[in-house]
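Colleague: return atomic coordinates for the entry below.
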Amino acid sequence: MAEEAKTNAVQREDLPLSKAALYILEECRMVLPGIQALFGFQLIAVFNQGFSEKLSAGEQRLHLLAIMLLAIAIALIMTPAAYHRQTGPQEVTSGFIRLASRLLLASMAPLAVSICIDFYLVGHVIYDGFLVPLLAALLFATIITLWFVLPRVRSLMRADSRRR
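Modeller: Numbers count the residues shown, from 1 in each chain. From the prediction side, this is the model:
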C-alpha cells in the first residue's frame, strides 16, 4: 500500500541555482523569437497601403496600442539577460531566479493582450461582424486560462497535497 502511494506521488527535484538560471534564460530565449516575429509583422502592417484604407483611425490607434504592449513584453523578457550580465555574470542567486521568473510572467500579460488586439483587427478586416469581438474575447480567455489559471491551479493542488 505504501509502495503504491509512492508511485502515485508526483516526483519532484530541487534544482541547483545554476540549472534554474539556465532554465529561466532558456525559457525567455524560447519566447523571444515569436514575440519578435509578431513585432515585425505589426510594424510592417503600418506601411502597407491598405492599413489606412481598411482600418479606421480608432483601429489604427488600437494597433499602436498592440505594438506598445508587445514592445513592453519584449523589454520585460529581455531584462533577465541584461540584468544578469550587468549585476553578476559569474554568479547566480535565488534573487535573480525570482526576478527573472517574475519578469517572464509579467511579459505574458501584455503579450496576451497584444495578440488578441491584433487578432481582433485582422478578423475585422476579413469579416465585419459580431463574431470577431467574440472570437477575440474567447482567444483571450483561452490564453489566460493556459498561461495563468492552469499553472496556478496546479500549484495550488500541489501545495494542498503537501499539506496532507
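Colleague: number of nearby residues for A66?
Modeller: 24 (other Cβ atoms under 10 Å). Just so you know, the C-beta spots here come from the backbone N, C-alpha and C atoms, and that holds for glycine as well.
Colleague: element containing it, please.
Modeller: Assigned by DSSP states H and E, A66 falls within helix 57-87.
Colleague: so how far is V92 from the residue nearest to the spatial centre of the chain?
Modeller: Of all residues in the chain, the one closest to the mean position by Cα atoms, centre = their mean is M108, 2.5 Å from it. Here the criterion is Cβ to Cβ, to the nearest Å. By it, M108 lies 23 Å from V92.
Colleague: buried ones in stretch 121-128?
Modeller: Residues L121, G123, H124, V125 are the ones in stretch 121-128 that count as buried (16 or more other Cβ atoms under 10 Å).
Colleague: the first one contacts L64, correct?
Modeller: Going back to what we said before, that points to L121. No: look at L121 against L64 with Cβ atoms under 8 Å: they stay out of range, at 10.9 Å.
Colleague: and the helices in this protein?
Modeller: 2-8, 17-47, 50-54, 57-87, 94-126, 131-144, 150-163 (DSSP state H).
Colleague: under the pLDDT cut-off, which ranges of this structure? List them.
Modeller: 1-10 (pLDDT under 70).
Colleague: any idea how far stretch 131-145 is from the chain center?
Modeller: Distance of stretch 131-145 from its chain centroid, counting by Cα atoms, centre = their mean, to the nearest Å, is 15 Å.
Colleague: ignore the last one, stretch 94-110
Modeller: 10 Å.
Colleague: heads up, I number from 35, so please use that
Modeller: All set: I'll call the first residue 35, so the last point we hit is now stretch 128-144.
Colleague: wouldn't F85 be in contact with E93 here?
Modeller: No: contact criterion Cβ under 8 Å: F85 and E93 do not qualify, at 9.6 Å.
Colleague: list the contacts of the residue nearest to the centre of the chain.
Modeller: A107, W181, F182 (Cβ atoms under 8 Å, 6 or more residues apart in numbering).
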